[in-house]
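*Asks:* Could you look at this predicted model? Sequence included:
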Amino acid sequence: MKPSTAIAPEIARSPVSSYNEWDLLEEVIVGVVDGASFPPAHIAVEAPLPDNQRQIFRDNAGKPFPAEQIALARQELEEFVHILQGEGVTVVRPTPINQLEEYGAPGWTSTGLYDAMPRDVLLVIGEEIIECPLAWRSRYFGTAAFKPLLKEYFKNGAKWSAAPKPELKDELYDYNWAEPKNGDPVSLVITEFEPTFDAADFIRFGRDIVAQKSNVTNDFGIEWLRRHLGDQYRIHVFEFNDSHPMHIDATFVPLAPGKLLVNPERVPEIPRMFKGWDVFHAPEPIIPDDHTLYMTSKWINMNILSLDEKRIVVERQDEPMIAALKKWGFNPIPCNFRNFNTFGGSFHCATLDVRRRGKLESYLTDETN
């Protein structure tokens with residue numbers, strides 16, 4: 001019998017290794033905006049959208065985003081890649097798929113969205129990369145463009161997992177969802193029918209992971225991840241003052257050990273577990289009112305990317321953020337990204353830090369809230 005030539009069982013070092021948001025960045029996945037399309041109309045898509053975008057999404061459901069917007073965002077992505085490579089970071093890219101091709105499962109059909117935001121669809125915890133159970137039907141195959149990369153990481157020693165593939169039946173969604181009025185509690189559009197979560201609703205602090213429930217992440221999904229990771233990690237769930245919660249990385253952003261950037265509108269009180277940390281309030285965003293932002297508020301200016309404990313990539317036109325980072329002792333690296341912001345994300349969203357030079361450590365106190 002011939003010996004197997006499949007996968008080598010032992011690899012010296014996993015190509016995937018990242019425990020927090022600030023260790024020295026060595027390798028990163030950067031998304032692609034080519035083929036970006038409006039998702040089909042659905043209650044789950046509408047709930048987290050800014051009020052002024054809902055009709056635009058209804059009118060353009062299932063159509064490509066404007067070609068000129070895609071071209072400008074692509075140009076900025078290339079600038080971003082060039083900057084990362086110049087800073088010594090290895091950059092890899094997904095293989096874009098056709099977002100207009102219809103697919104489905106029992107009870108529903110859909111088309112896609114984009115492959116621009118790897119931070120939404122994949123979660124790296126240590127030496128493991130996890131495919132997320134996404135709540136939007138338009139993202140049912142949200143990890144497809146990244147499969148060639150996932151296979152290579154696995155072959156080279158990474159642990160590759162996938163959360164339970166959701167059914168995305170009507171029972172997952174609250175079709176009676178309505179915009180909360182002033183003073184009303186936040187209303188979420190997804191139920192606890194099955195586990196769902198986006199990776200961008202989790203922020204890593206070594207052994208401690210901060211999470212939020214949102215319009216794409218439910219208790220069921222958070223509990224699945226908690227059990228999957230085991231006792232080596234602690235997941236803490238916080239609630240912020242956000243009437244349309246979806247993704248935590250424009251609300252609560254660690255910059256380095258002991259240094260935390262927070263959204264002054266959404267985080268009125270710092271959890272006790274961050275006692276002793278320096279807390280910085282993000283400056284007011286200066287994105288012009290006439291600049292189109294799909295799926296996000298102007299606070300996307302907080303969605304920055306740390307290359308290490310000092311270097312931080314920030315939007316070139318965001319002068320208040322650049323000045324604040326310098327004042328706080330960081331080295332901001334400007335990059336044009338406002339046209340990419342149009343699509344609902346920024347530097348943190350557009351990347352997945354596959355490997356950072358560091359190890360698993362504890363940075364927070366034992367306080368639970």
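*Replies:* Ah, there it is.

*Asks:* for the least confident helix or strand in the chain by mean pLDDT, packing partners?
*Replies:* Here the helix or strand of the chain ranked lowest by mean pLDDT, DSSP states H and E is helix 54-59, holding a mean of 94. Judged by 3 or more C-beta pairs under 8 Å, 6 or more residues apart in numbering; DSSP states H and E, the packing partners of helix 54-59 are helix 43-46. C-beta: built from backbone N, CA, C; applies to glycine.

*Asks:* and the helix it packs on, how far out from the chain's middle?
*Replies:* Its chain's C-alpha centre and that of helix 43-46 lie 18 Å apart, by C-alpha atoms, centre = their mean, to the nearest Å.

*Asks:* Tabulate the CA atom coordinates of it in PDB.
*Replies:* The C-alpha coordinates for helix 43-46 follow below in PDB (Å, rounded to 0.1, in the frame of the first residue of the first chain):
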ATOM      1  CA  ILE A  43     -36.200  42.700   7.000                       C
ATOM      2  CA  ALA A  44     -32.800  41.600   8.300                       C
ATOM      3  CA  VAL A  45     -31.000  44.000   5.900                       C
ATOM      4  CA  GLU A  46     -33.200  47.000   6.700                       C
END
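
*Asks:* list the buried ones in stretch 135-154?
*Replies:* Going by neighbour count (16 or more other C-beta atoms under 10 Å), the buried part of stretch 135-154 is 135-146, 149-150, 153-154.

*Asks:* Equivalent analysis for stretch 334-348, please.
*Replies:* By neighbour count on 16+ other C-beta under 10 Å, the buried set for stretch 334-348 is 335, 337-348.

*Asks:* Could you tell me the end-to-end distance of that stretch?
*Replies:* Using C-alpha to C-alpha, to the nearest Å, the end-to-end distance of stretch 334-348 comes to 14 Å.

*Asks:* for that stretch, what is the average pLDDT?
*Replies:* For stretch 334-348, the mean pLDDT works out to 98.

*Asks:* OK, contacts around residue 85?
*Replies:* Contacts for residue 85 (C-beta atoms under 8 Å, 6 or more residues apart in numbering) come out as residue 91.

*Asks:* ok, it to residue 33 distance?
*Replies:* Going from residue 85 to residue 33 by C-beta to C-beta, to the nearest Å gives 19 Å.

*Asks:* can you give me the helices in the stretch 251-369 of the chain?
*Replies:* Under the criterion DSSP state H, counting those that start in this stretch, the stretch 251-369 of the chain contains helices at 319-327, 338-341.

*Asks:* what bits of the chain have low per-residue confidence?
*Replies:* Low-confidence regions of the chain, defined by pLDDT under 70, span residues 1-12, 367-369.

*Asks:* out of the buried residues of stretch 334-348, which one sits closest to residue 93?
*Replies:* Nearest to residue 93 out of the buried residues of stretch 334-348 is residue 340 (C-beta to C-beta; 14.4 Å).

*Asks:* The closest one is in contact with residue 77, isn't it?
*Replies:* Yes: between residue 340 and residue 77 there is a contact at 6.3 Å, judged by C-beta atoms under 8 Å.

*Asks:* joint contacts of those two?
*Replies:* The contact sets of residue 340 and residue 77 overlap at 33, 350 (C-beta under 8 Å, 6+ apart).

*Asks:* Identify the bridge partners of residue 123.
*Replies:* Under DSSP bridges, the beta-bridge partners of residue 123 are residue 130.

*Asks:* Number of residues surrounding it?
*Replies:* Residue 123 has 23 neighbouring residues, counting by other C-beta atoms under 10 Å.

*Asks:* where does it sit relative to residue 353, distance-wise?
*Replies:* Distance, residue 123 to residue 353, by C-beta to C-beta: 11 Å.

*Asks:* on that earlier part again, could you dump the helices of the stretch 251-369 of the chain into a markdown table and include distance to residue 15?
*Replies:* What follows is these, written out as a markdown table (distance: least, C-beta to C-beta, whole Å):
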| stretch | distance to residue 15 |
| --- | --- |
| helix 319-327 | 30 |
| helix 338-341 | 26 |
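
*Asks:* Distance check, residue 355 against residue 153.
*Replies:* Taken as C-beta to C-beta, the span from residue 355 to residue 153 is 10 Å.

*Asks:* Find the residues that touch each one of those two.
*Replies:* By the contact definition C-beta under 8 Å, 6+ apart, residue 355 and residue 153 are jointly contacted by 15-16.

*Asks:* Distance from the chain centre to the lengthiest helix in the chain, please.
*Replies:* Secondary structure of the chain read by DSSP state H shows that its longest helix is helix 67-86. Distance of helix 67-86 from the chain centroid (C-alpha atoms, centre = their mean) equals 18 Å.

*Asks:* Pull out the buried positions in it.
*Replies:* Here helix 67-86 shows 69-70, 72-74, 76-77, 80-81, 83-84 as buried, counting by 16+ other C-beta under 10 Å.

*Asks:* Which positions are bridged to residue 161 in the beta structure?
*Replies:* Assigned bridge partners for residue 161, using DSSP bridges, are residue 130.

*Asks:* Pretty sure it sits against residue 133.
*Replies:* No: here residue 161 lies out of contact with residue 133, judged by C-beta under 8 Å, at a distance of 11.4 Å.

*Asks:* Between these two, which is the more surrounded one?
*Replies:* Using other C-beta under 10 Å as the criterion, residue 161 and residue 133 rank with residue 133 on top: 25 against 12.
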